[in-house]
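**Q** how would this look folded up:
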Amino acid sequence: MKRLLLPVAAMSILTLAGCANTSGYSGDVYRGSQAQTGQNVTYGTISAVRQVQIQAESRAGGLLGTGGGAIIGGLLGSQIGGGSGRQLATVAGALGGSVAGTAAEGGANRVAALEMEIRRDDGTDVVVVQRADHPFQAGQRVRLIGNGGSMSVAPY
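**A** Numbering: from 1, shown residues only. This next block holds a predicted model:
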């Protein structure tokens, strides 16, 4: 029973580590504060598109991946050897687990995105990064919705 508990705990913690909400990076998702407010709309043409990644912020500030990995690694390390060797294996397992948990959480919180450089009809240029949930290409006409700190790109 004890040996079954460890894999179940490991999977639970690593599942929770990837709990960042990445839907907000889409051009199709609005925050509640944007509902029923006027948005500026300008038009332009995409002059360049580049694939990038957005590193989403973890809701738990990285604690689930790091802390969960350390706990799991320490538990696994404590199963090895005896005496001072067991203590060393526990510490090494906790350190290795925290590193692995941090990496797992960081990878789970990455979102495929597009960086689009757009020449507005007024001649100014703007760069917008958003989730890659629509196919955009250079030369395509688009609508720019919002302003300054909150802008999305939509097909025209």
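
**Q** tell me which residues in the one helix or strand residue 143 maps to are buried?
**A** Using DSSP states H and E, residue 143 sits within strand 141-147. For strand 141-147, a neighbour-count test (16 or more other Cβ atoms under 10 Å) marks 142, 144-146 as buried. Quick note: C-beta positions are derived from backbone N, CA and C, even for glycine.

**Q** remind me which residues of the protein are low pLDDT?
**A** For the chain, the stretches with pLDDT under 70 are 1-37, 57-70, 73-74, 77, 81-86, 93-94, 97-109.

**Q** could you redo the buried residues of strand 141-147 as JSON lines and give each row distance to residue 131?
**A** Listed next are the buried residues of strand 141-147 as JSON lines, based on distance: Cβ to Cβ, whole Å:
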{"residue": "142", "distance to residue 131": "15"}
{"residue": "144", "distance to residue 131": "16"}
{"residue": "145", "distance to residue 131": "15"}
{"residue": "146", "distance to residue 131": "15"}
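
**Q** Which helix or strand contains residue 88?
**A** Using DSSP H and E, residue 88 falls within helix 84-108.

**Q** meant to ask about residue 151
**A** Here residue 151, judged by DSSP H and E, is contained in strand 150-155.

**Q** Given that strand, what are its sheet partners and their directions?
**A** strand 141-147 (antiparallel) (DSSP bridges).

**Q** Give me the contacts around the strand it pairs with.
**A** Strand 141-147 is contacted by residues 27, 34, 39-46, 116, 118, 120, 126, 128, 136, 151-156 when judged by Cβ atoms under 8 Å, 6 or more residues apart in numbering.

**Q** pull the CA atoms of it into PDB?
**A** Below are the C-alpha coordinates for strand 141-147, written out as PDB (Å, rounded to 0.1, in the frame of the first residue of the first chain):
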ATOM      1  CA  ARG A 141      -5.100  42.400 -43.300                       C
ATOM      2  CA  VAL A 142      -6.100  42.400 -39.600                       C
ATOM      3  CA  ARG A 143      -8.000  44.300 -37.000                       C
ATOM      4  CA  LEU A 144      -6.100  45.500 -33.900                       C
ATOM      5  CA  ILE A 145      -8.500  45.600 -30.900                       C
ATOM      6  CA  GLY A 146      -7.600  47.500 -27.700                       C
ATOM      7  CA  ASN A 147      -4.800  49.900 -27.000                       C
END
